[in-house]
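Chemist: quick one, fold the following:
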Amino acid sequence: MLGWKRHKQIDERLVNMQNKIYKEIYFMIMCIAIISIIVKFIAYGIGSKFILTELIILIITGLYYMIRAGNLGIFTDEAEMHDRNSKIKLSTKNVIVGLIIGIFISVILATSSAINYSNSKGESIYFFIIVFIASFMMYVPFFIGIISIPFLITNKKSGQVVRKGLEDIQGEWK
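Modeler: So this is what the prediction gives:
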């Protein structure tokens, strides 16, 4: 009598293809949001009130993925697979990306200060150096932390989920 419930047949090839399409859609949305931010910076100047929607999209989707992957225990596996297939570890890449973003912002701010606030060539070089050093000291640690800390927390949480799952499986075999 238990056979009256029919189990749905799932075509794994179809599910994998759908997941690939969803991944491509996600990538397109992220690219559109980033392009929109760049266009708005060019059109309206630097101001967060014009790009709030795009920032929310970028931040919330990234946070959602990290939380979900950490709670499912797949984040650690993804990081390990990346580290096996890449010459540079994912944690090292996070530090490099934070460093690059910090340097990029420091150069933009230093150039802007040198152009807008100096009266001579010597003064513009002085302003550039001072603003670059100050910005570098603030933004590089900030962006390295903003990128690396969530990675480390999610990786730790994912590792805990994996260990708990293994302990549960080992408990069943005893």
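
Chemist: phi, psi of Gly122?
Modeler: Torsion angles at Gly122 (phi, psi; degrees, to the nearest 10) stand at phi -60, psi -40.

Chemist: what mean pLDDT does stretch 86-98 get?
Modeler: For stretch 86-98, mean pLDDT is 93.

Chemist: what residues sit buried inside it?
Modeler: 91, 93-95, 98 (16 or more other C-beta atoms under 10 Å). C-betas here are computed from N, CA, C, even on glycine.

Chemist: from the residues you listed, pick the one nearest Asn155.
Modeler: Asn155 lies nearest to Ser91 out of the buried residues of stretch 86-98, by C-beta to C-beta, at 8.1 Å.

Chemist: and the host helix or strand of the closest one, what does it pack onto?
Modeler: Using DSSP states H and E, Ser91 maps to helix 90-117. On a contact count with 3 or more C-beta pairs under 8 Å, 6 or more residues apart in numbering; DSSP states H and E, helix 90-117 meets helix 75-85, helix 121-173.

Chemist: quick one: buried residues of stretch 129-139?
Modeler: Using 16+ other C-beta under 10 Å as the test for burial, stretch 129-139 gives 131-132, 135-136, 139.

Chemist: same question, stretch 63-71
Modeler: For stretch 63-71, burial by neighbour count (16+ other C-beta under 10 Å) applies to 66, 69-70.

Chemist: among those, which lie within helices?
Modeler: Using DSSP state H, the members of the buried residues of stretch 63-71 that fall within helices are 66, 69-70.
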